[in-house]
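> missing the sequence, but the structure's below:
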């Protein structure tokens, strides 16, 4: 691997040095306390890797506020302690058991490439994702039950409906984790389902009574 | 799950509304283009979920610049196309194959709870993590080969050494993915290994020639 | 012309070769993508040719981020489709219509030789600029309406006031371009007026409510 | 115009503050001298507005080194003192007469949208550019004589040939400016013609003896 490791691009070095001389310097005391005493985030956020979803910016969050896991299409798999490496489940376990976060926020988004891929996969239009060695395809299978629920919706609305399902199914799957259920039952934590429209900058919230998303 | 879903805490609603009235409004045209034309991030960053690691801030990056995957201890598992759900591998596949990012940046950090957990696990001091149903323990097993390399280092330096191993092993594991290797061999992508000291606000870079990390 | 064309000075050749062996090599994949897929700059910047105004440095911007037009005194002429060659208007048209930039930033600066020339011209102290064959003099006539607004300001403050006028008049002239107005009315673009103090390294921003510039 | 002027996007504000706290602070003495004593650039560079052409980076140039004019396709019109506003001619006049630059460098580039537009225009494939109110089309007419010289070159090589013509014609047009010719004849200035390949990071130089471009 060594021949492929390169120095950081200089424009990032310069920006980092700028951050260090300003934001870091002005907040040094806080960063040192965070280092010495450990983090104490109030919420865990699960969002997509997508470069257009900027959760700390949207919520004005600074270092120490959110414990953030990001994966393709912000999906939570069902509880499955089979001894394999489950990165998402590990992050949730750490947030709930060790950090004892008070809120667990699922943040979906519009124009999601992962959700679009799942649509294509379920409709037989993504042979690349169907090969057994496609990690993306296998990962998006987690969202198949959601596709079943939206497949009869007209195509123009289907993508958005499936983006909402990605949040709802993840909330449902969260309930299969014993330690999540326990924290919820003990009123130690609350759940939140959101979807951001990237182009319009609008946040929609899952309303369990209506079983639908409404603008905040 | 519905009885546990709550409205977003009002302090977050207020901050979101502030963001929408300012940052969003001032950048609406750009966000709409990002929504309409899709993302074209220059780099993928793999960092820890830790709330103290704020990669976009450190690098002055705005929406659209970085495709970000975050998991416990910023670990990349080895290539293993066994049909299971591999969130990290899926994110890497999407970044390299679909988005064709030019840089893949591994960002480790000081005071990492996951790395500390791995130390404890390997030293027999973390029975909680050894239970077969601990996702965190199973996940941290990915870092065991790193522990083997640092176990003789004096305890005071061991945690930092293992944080560095978390980056190096992830870089090594990246090489086991055929599509990563291909992108590297074709000069379509470069690798970068970093570790940030949270308290000191300092970035250290992996130097493959010296096989060690040096301050930028 | 051939007898006057010379090889590039060797110090520039050496620096170019250094850039190629470092920055280019480390970012090759990104530059290739920019070449293959085309640019997608987020903003257009109009600044002065002055060697002391280094817009990419100030804003930590790398290749692909800013579409930059530079002319004497960062002036935008009024819309005038008379069939003549209008370099500034062509650059704006290309940025707004073809590239669909989200921000149009006017960047003025302190100690501007062009602005000083306009002062001298308007005060009858620059016979060189008044000759009909002086391109600089003719160009600076664009700023005469600005001089009218600041001529009663004490001399010590007049130059800075006229530098601010160079930004404001350019913003006003921008509004006379139908495609600029359209992009603004459709919320596809925003305007920004800045002035940098070269010696103090300070950026001042035009505040339309106060109709004045204030330090950022 | 006032209702369209917005505060600078916050990511640019933060980067500027970082620059101010690092680069500016470390170079304050030099910037103050530049402000007090005026600029004394060694060379003028005429390059394209294209966001992928980063002349200061390629040549390791810092504040004070290059007087830079950037327009669409790096074109110089012929000398034409008709009393109209000629931004490019004004910039050249200022550089040669006032600043007395020692080198005048024309920098073309690969993948140039302006040059591609000129090809399309000359081949009747760009009706948008032929309308009398298209500043881009009118501007690109400056390059028509270049198209005449390359029109019989196979299509695959034509764009590059026309990019080279954009440099050569500009060098030729420069000779029509009396003050340019005078500076050249007096050995006070030299001319240089370059073209950068963006994807390959390679600089090609115009060799007047061979009347062609060769890699540096």
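Everything's here; your move. The shown structure was predicted, so the numbers you read here are calculated from the model rather than taken from an experiment.

> Which of the helices or strands spans the residue of chain A found nearest chain C?
Chain C sits closest to residue A:11 of chain A, with a gap of 3.9 Å, by C-beta to the nearest C-beta. Bear in mind the C-beta positions are built from the backbone N, C-alpha and C, glycine included. Assessed by DSSP states H and E, residue A:11 sits inside helix A:10-19.

> What are the buried residues along that helix?
Residues of helix A:10-19 classed as buried by neighbour count (16 or more other C-beta atoms under 10 Å in any protein chain shown): A:11, A:12, A:14, A:15, A:16, A:17, A:18, A:19.

> care to break chain A down by domain?
Domain segmentation of chain A under automatic domain parsing yields A:1-38, A:39-215.

> and residue C:44, which of those domains is closest to it?
Among the domains of chain A, the nearest to residue C:44 by C-beta to C-beta is domain A:1-38 (19.2 Å).

> do that closest one and chain B meet?
Yes. Counting by C-beta under 8 Å from any C-beta of the partner chain, chain B is contacted by domain A:1-38 at A:1-9, A:12-13, A:15-20, A:23-25, A:28, A:31-32, A:34-36, A:38.

> again, but for stretch A:57-66
Yes. Using C-beta under 8 Å from any C-beta, stretch A:57-66 reaches chain B at A:57, A:58, A:59, A:60, A:61, A:62, A:63, A:64, A:65, A:66.

> Any chance of those in JSON lines with secondary structure as columns?
What follows is those, written out as JSON lines (DSSP: H, G, I helix; E, B strand; the rest coil):
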{"residue": "A:57", "secondary structure": "helix"}
{"residue": "A:58", "secondary structure": "helix"}
{"residue": "A:59", "secondary structure": "coil"}
{"residue": "A:60", "secondary structure": "coil"}
{"residue": "A:61", "secondary structure": "coil"}
{"residue": "A:62", "secondary structure": "coil"}
{"residue": "A:63", "secondary structure": "coil"}
{"residue": "A:64", "secondary structure": "coil"}
{"residue": "A:65", "secondary structure": "coil"}
{"residue": "A:66", "secondary structure": "strand"}
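
> Name only those of those residues that count as buried.
Buried, going by 16+ other C-beta under 10 Å: A:57, A:58, A:59, A:61, A:63, A:64, A:65, A:66, out of the residues of stretch A:57-66 next to chain B.

> hmm, which two among the residues you listed are most spread apart?
Farthest apart among these by C-beta to C-beta are A:58 and A:64. That separation is 17.0 Å.

> State the pLDDT value of the nearest residue to residue A:18 once chain neighbours are set aside.
Leaving aside its sequence neighbours, residue A:18 sits nearest to residue D:18 (C-beta to C-beta, 6 or more residues apart in numbering or on different chains; 1.7 Å). Residue D:18 is assigned 97 on the pLDDT scale.

> can you pull the contacts of residue D:18?
A:14, A:15, A:17, A:18, A:19, A:21, A:22, A:23, B:60, C:60 (C-beta atoms under 8 Å, 6 or more residues apart in numbering or on different chains).

> Give me the secondary structure label for residue A:44.
For residue A:44, the assignment made with three-state DSSP gives strand.

> residues contacting the closest residue to it other than its chain neighbours?
Nearest residue to residue A:44, sequence neighbours excluded (C-beta to C-beta, 6+ apart): residue A:95, at 3.9 Å. Shown in contact with residue A:95 (C-beta under 8 Å, 6+ apart): A:41, A:44, A:67, A:69, A:101, A:104, B:49.

> In strands, which of the residues you listed appear?
The members of those that map onto strands under DSSP state E are A:44, A:67, A:69, A:104.

> can I get those in CSV with pLDDT, distance to residue C:76 and neighbour count?
What follows is the ones in strands among the contacts of residue A:95, written out as CSV (pLDDT from 0 to 100; distance: C-beta to C-beta, whole Å; neighbours: other C-beta atoms under 10 Å in any protein chain shown):
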residue, pLDDT, distance to residue C:76, neighbour count
A:44, 98, 49, 24
A:67, 98, 48, 29
A:69, 98, 47, 25
A:104, 98, 51, 26
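
> ok, residue A:116 to residue B:98 distance?
Separation of residue A:116 from residue B:98 (C-beta to C-beta, to the nearest Å) stands at 11 Å.

> Residue A:110 too?
Plainly put, residue A:110 is 18 Å away from residue B:98 if you go by C-beta to C-beta.

> do residue A:137 as well
Separation of residue A:137 from residue B:98 (C-beta to C-beta) stands at 12 Å.
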